[in-house]
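1. Sequence isn't available, so here's the structure alone:
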Ligand code: NAP
Ligand code: G4F
């Protein structure tokens, strides 16, 4: 419970005490991820026995579900236990078949994946292995082992790529990343196993969904985490990539309920789940900073390091089918999502820094936002420069003047220029840092000249 409390503002596990089996067993791949953890909670609350696949890691990768692991003392990893984890890997066919044989699930939720689009450009091969061949391994094992179970595939709005918004189940899919392509292959495999072999296999085409449990290197969590860091003085800037892309962001805790809803229909099908609202990354940033009374322009710098070789410019989901057939109605939209993510990060930082006592930490968002505003009032933002060729030219002009006044030779001036170029090019530095560098160079020069 302790570690987990750091991620959500509040968490209720009381329902676990009254757990009663509904007769069904669910297997979740990627149970240790954002969605996996919410889905496990949701299915347990519905009386499912939940089994999760985790892969071996040298450092804990089960933090998001440790609070659910409360049954071992009573049951161990036995047939009767409401919840336990098994080792497995989407790249390992043997492990998948072994787990399926042991668990014999009624419903399989395949939500494990290499889920980061940016990283998929750097690791395309393993991304396709986990995200495309992983589903194939599971689908084919279900077919071959003649398991009587339903299959959910975590498909993604990233598959739409450059197709114009709004996107729905009939929109052409033109993915822009190895990740998008890997998910598109899995989407088609799921449809093919449904058609060719009659499997109850469904795709949930989910648009971006976020939460306090979101991975740290996705843009929303990066922004809310950075604002919390800035407020407590742990950070003084936030470096981002493309601010112009638009995303349709919803709340993960609500989205996982639709994963289940899709599996409860009479026949298998594919559904878009979204909020029908889209916002730029810039708007997300602006909204987060403004909640604590700060101007984002004082803290945010952009860098090509976080830009992708190809981008999905605009996502906006048309979820009419899910509304009509599943009764889907998103409750948490953009502004509320930003608030709840930021409040959770603020709570974590305040506890970490001893600003509040974890034992008496209140559960309402307003408390954290108000305290953050008070703290932010005293912040003095630094001015940051991203040093590029233009910036260097103006720095050198200043330097030439200083050095000329001191009668420094042309050769020494050029050497200093070279040194500074190497040190600063591509870096993001504050005005203060820049002045310090220039001062250091002139001192260095005096020593050399002396
Ligand atoms: P996440 O937080 O990154 O979780 C992914 C999970 O998959 C992690 O538990 C990870 O384990 C596991 N995993 C990765 N590679 C694996 C492998 N080879 N074998 C077994 N497990 C593996 O992702 P999420 O946001 O919860 O997303 C859940 C699913 O929905 C993913 O398939 C994602 O692609 C898809 N999706 C997400 C969104 C979204 O906005 N969140 C939208 C559409 C679709 P480790 O902890 O060991 O890495
Ligand atoms: O938060 P992101 O990394 O999410 P992205 O690429 O939309 O993918 C997420 O949603 C998909 C559904 O559409 C999922 F299938 C996928 O698994 C994942 O959950 O980036 C969102 C946007 C992008 O346009 C990116 O270029 O934010 C832009 N961005 C700008 N600066 C950044 C950053 N993204 C990240 N991760 N980090 C940045 O610094």
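-> Thanks, I have the structure now. Predicted, not measured: the structure shown is a model, and the values here were computed from it. Ligands and ions are numbered 1, 2, ... in the order given.
2. Pick out the residue of the stretch 251-400 of the chain closest to ligand 1.
-> residue 252 (6.3 Å; Cβ to the nearest ligand atom). (C-beta placed from N, C-alpha, C; glycine too.)
3. Contact partners for that residue?
-> Residue 252 makes contact with 34, 35, 38, 209, 210, 211, 213, 214 under the criterion Cβ atoms under 8 Å, 6 or more residues apart in numbering.
4. low-confidence ranges in this protein?
-> By pLDDT under 70, the low-scoring segments of the chain are 1-7, 442, 444-450.
5. Can you get me a residue count around the residue of it found nearest ligand 1?
-> Nearest residue of the chain to ligand 1: residue 33, at 2.0 Å (Cβ to the nearest ligand atom). Neighbour count of residue 33, defined by other Cβ atoms under 10 Å: 24.
6. dump the residue contacts of it.
-> 64, 111, 112, 115, 215.
7. ok, now with 10 Å
-> 39, 54, 61, 64-65, 111-113, 115, 154, 213-215, 252 (Cβ atoms under 10 Å, 6 or more residues apart in numbering).
8. what's the answer for residue 215, then?
-> Contacts of residue 215 by Cβ under 10 Å, 6+ apart are 33, 34, 115, 116, 221, 222.
9. Residue 325 now?
-> If you count contacts by Cβ under 10 Å, 6+ apart, then residue 325 has 261, 262, 265, 269, 271 around it.
10. With residue 375 instead?
-> Residue 375 neighbours (Cβ under 10 Å, 6+ apart): 230, 231, 232, 233, 292, 293, 346, 349, 350, 355.
11. Can you say which of those are buried?
-> In the contacts of residue 375, burial by neighbour count holds for 230, 231, 232, 292, 346, 349, 350, counting by 16 or more other Cβ atoms under 10 Å.
12. Could you pick out the residues of the stretch 101-250 of the chain near ligand 1 for me?
-> 111, 112, 113, 114, 115, 130, 154, 156, 206, 208, 209, 215 (Cβ under 6 Å from any ligand atom).
13. burial count for the closest residue to residue 52 other than its chain neighbours?
-> Closest residue to residue 52 apart from its sequence neighbours, by Cβ to Cβ, 6 or more residues apart in numbering: residue 31 at 2.9 Å. Residue 31 is flanked by 28 other residues according to other Cβ under 10 Å.
14. Kindly report the same for residue 189.
-> Neighbour tally, residue 189, other Cβ under 10 Å: 20.
15. likewise residue 369?
-> With other Cβ under 10 Å as criterion, residue 369 counts 17.
16. Would you list the phi and psi of the residue of the stretch 251-400 of the chain found nearest ligand 2?
-> Proximity to ligand 2, evaluated over the stretch 251-400 of the chain using Cβ to the nearest ligand atom, is greatest for residue 306 at 3.7 Å. Dihedral angles of residue 306 (phi, psi; degrees, to the nearest 10) stand at phi -100, psi 10.
17. Find the residue closest to it in space, skipping its chain neighbours.
-> Counting by Cβ to Cβ, 6+ apart, the residue nearest residue 306 is residue 241, at 3.0 Å.
18. need the contact list for residue 315.
-> Residue 315 neighbours (Cβ under 10 Å, 6+ apart): 156-158, 160-161, 163, 165-167, 207-208, 245-249, 274, 278.
19. Which ones among those residues also lie next to ligand 2?
-> 156, 157, 158, 207, 208, 245, 247.
20. for those, which one is nearest residue 49?
-> Closest approach between these and residue 49, by Cβ to Cβ: residue 156, at 27.8 Å.
21. In contact with the closest one, which residues?
-> 113, 115, 117, 131, 175, 179-180, 182-184, 186-187, 203-208, 315.
22. Check whether residue 8 sits in a helix, strand or coil.
-> Put simply, residue 8 is coil when judged by DSSP: H, G, I helix; E, B strand; the rest coil.
23. just checking, it touches residue 253?
-> Yes. Shown here, residue 8 and residue 253 form a contact pair, counting by Cβ atoms under 10 Å, at 8.9 Å.
24. quick one on the thing from earlier: pull out the buried members of the residues of the stretch 101-250 of the chain next to ligand 1.
-> In these, the ones that pass as buried (16+ other Cβ under 10 Å) are 111, 112, 113, 114, 115, 130, 154, 156, 206, 208, 209.
25. For the fourth one, pull up the helix or strand it's in.
-> Translated: residue 114. Using DSSP states H and E, residue 114 falls within no helix or strand.
26. which one is it nearest to, not counting chain neighbours?
-> Per Cβ to Cβ, 6+ apart, closest to residue 114 is residue 127, 4.5 Å.
27. Please, which helix or strand holds the one you found?
-> Secondary structure (DSSP H and E) places residue 127 in helix 124-128.
28. In that helix, which residues are buried?
-> So helix 124-128, judged by 16+ other Cβ under 10 Å, has buried residues 124, 126, 127, 128.
29. Tell me the one of those residues nearest residue 405?
-> residue 124 (54.4 Å).
30. mind listing what the closest one touches?
-> By Cβ under 10 Å, 6+ apart, residue 124 lies in contact with 114, 177, 178, 179, 181, 182.
31. Tell me the secondary structure at residue 84.
-> strand.
32. just checking, it touches residue 69?
-> Yes. Taking Cβ under 10 Å as the definition, residue 84 is a contact partner of residue 69 at 7.5 Å.
33. more neighbours, the two?
-> Neighbour tally, residue 84 and residue 69, criterion other Cβ under 10 Å: the higher count belongs to residue 84, 18 against 12.
34. how about JSON lines for the ones next to ligand 2 among the contacts of residue 315, with secondary structure added?
-> Converted to JSON lines, the ones next to ligand 2 among the contacts of residue 315 look like this (three-state DSSP):
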{"residue": "156", "secondary structure": "strand"}
{"residue": "157", "secondary structure": "helix"}
{"residue": "158", "secondary structure": "helix"}
{"residue": "207", "secondary structure": "coil"}
{"residue": "208", "secondary structure": "coil"}
{"residue": "245", "secondary structure": "coil"}
{"residue": "247", "secondary structure": "strand"}
